[in-house]
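Participant: can't give you the sequence, but here's the structure:
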Ligand code: EZ4
Ligand code: CO
């Protein structure tokens, strides 16, 4: 079998997605996702102009060699554009392998290690009461784990608080919107939120929270310490993680479990975090981490240090990435949890998929390969629309991390 052709599709069924379709001389095709929120067209060009001409004619079963060819062979390594593009090729080749062998991908990754993939949903509201009512809704829908985010008194808008309660989407059409931020106001508010949630819902439900890169290490240490009594499943992205040593400070002060890594693109972003046991969950996922091939190696390395997986699963990761992540999740030894933000009905129609949700768990389904398809004709009705994530400024105007 040989790769005959490959094509990149940019579409916007509710939000932008970049999809790679690789076809073979035997009629089997594979799909990959390489959506990079707010920088979509750069990845499309990387693939169309620089990668596709190099993979035509290759054996699609050689996932390891093709990955090494694209990673080592480019000379220029790492970075979200490069790694998302390589990820799309890797996903598509695994999809082809599964379809050619007529088996769901998880069977090629060691088979099922569990009956389902525990996911967490996103509850959010403008204040404590509204957030608490949203948590109740997720528990009613069967979720065993819920991420809780609340508006902060004195701030006009906050990360994680949505206009639409069902479909949280941080990107906005046009140029980047500007948000304002105060770590002080945020730090005073969050412990009250989790105190209220534990009082109302008891100890069983897993509660999670995303600080979205906004704190300094010592502020994160304070937050971790103050929410310790409420036993979170994890505190996510407490600080930006370019300085991996910064996590030592947080770790010295708190037993609140720490998760990080949704923007990491190789194991090098997490080498110290893992080997010094500074985190508990790694958020890297298939699309940003360069594909299924490298992510399995990262997970094996993390397993040595008691670090579990917690794949990013926001709406900007297309159903193709969600499908790939679920095959990875159900097969990997040190699975922790999977993020699940539901896509809109338009997105689900463009990407019909075999995965399904029941009683707090997602299941990858039993279709051969990834179990996700792509309706090209329907996609063509939703052309790309420029959209960006917000930027963030402190109350005095200083640029800060969003
Ligand atoms: O802001 O995926 O945990 N989830 C997140 C997401 C990210 C978006 C950025 O594109 O942090 O909401
Ligand atoms: Co996050």
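Facilitator: Thanks, I have it. Here the structure is a predicted model, which means the values were calculated and not measured. Ligands and ions are numbered 1, 2, ... in the order given.
Participant: which SSE is the closest residue to ligand 1 within the stretch 1-150 of the chain in?
Facilitator: Evaluated by C-beta to the nearest ligand atom, the stretch 1-150 of the chain has residue 37 as its residue closest to ligand 1, separated by 3.7 Å. Every C-beta, even on glycine, is put in place using the N, C-alpha and C of the backbone. Assigned by DSSP states H and E, residue 37 falls within no helix or strand.
Participant: spatially nearest residue to it (excluding sequence neighbours)?
Facilitator: Counting by C-beta to C-beta, 6 or more residues apart in numbering, residue 37 lies nearest to residue 316, which is 4.1 Å off, once chain neighbours are set aside.
Participant: give me the pLDDT for that neighbour.
Facilitator: pLDDT, residue 316: 98.
Participant: hang on, isn't it packed against residue 34?
Facilitator: No. The criterion here is C-beta atoms under 8 Å, and residue 316 misses it with residue 34 at 11.3 Å.
Participant: okay, these two: which has more neighbours?
Facilitator: residue 34 (32 against 23; other C-beta atoms under 10 Å).
Participant: can you give me the domain assignment for this structure?
Facilitator: 3-104, 108-368 (automatic domain parsing).
Participant: turn those into a markdown table, including distance to ligand 2.
Facilitator: Converted to a markdown table, those look like this (distance: least, C-beta to the ion, whole Å):
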| stretch | distance to ligand 2 |
| --- | --- |
| domain 3-104 | 12 |
| domain 108-368 | 4 |
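Participant: a markdown table please, covering these and showing distance to residue 382.
Facilitator: Putting the domains of the chain into a markdown table (distance: least, C-beta to C-beta, whole Å) gives the following:
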| stretch | distance to residue 382 |
| --- | --- |
| domain 3-104 | 4 |
| domain 108-368 | 7 |
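Participant: report the contact partners of the residue most central in space within the chain.
Facilitator: Against the mean C-alpha coordinate of the chain, by C-alpha atoms, centre = their mean, the closest residue is residue 312 at 2.1 Å. Counting by C-beta atoms under 8 Å, 6 or more residues apart in numbering, residue 312 touches 261, 262, 283, 284, 285, 288, 339.
Participant: the second one: neighbour count?
Facilitator: Each residue near residue 262 was counted by other C-beta under 10 Å, and the total is 23.
Participant: can you check the pLDDT for the closest residue in space to it that isn't next to it in sequence?
Facilitator: For residue 262, the nearest residue in space outside its immediate sequence neighbours is residue 312; the separation is 3.8 Å by C-beta to C-beta, 6+ apart. Each residue has a pLDDT score; the one for residue 312 is 98.
Participant: many thanks, have a good one.
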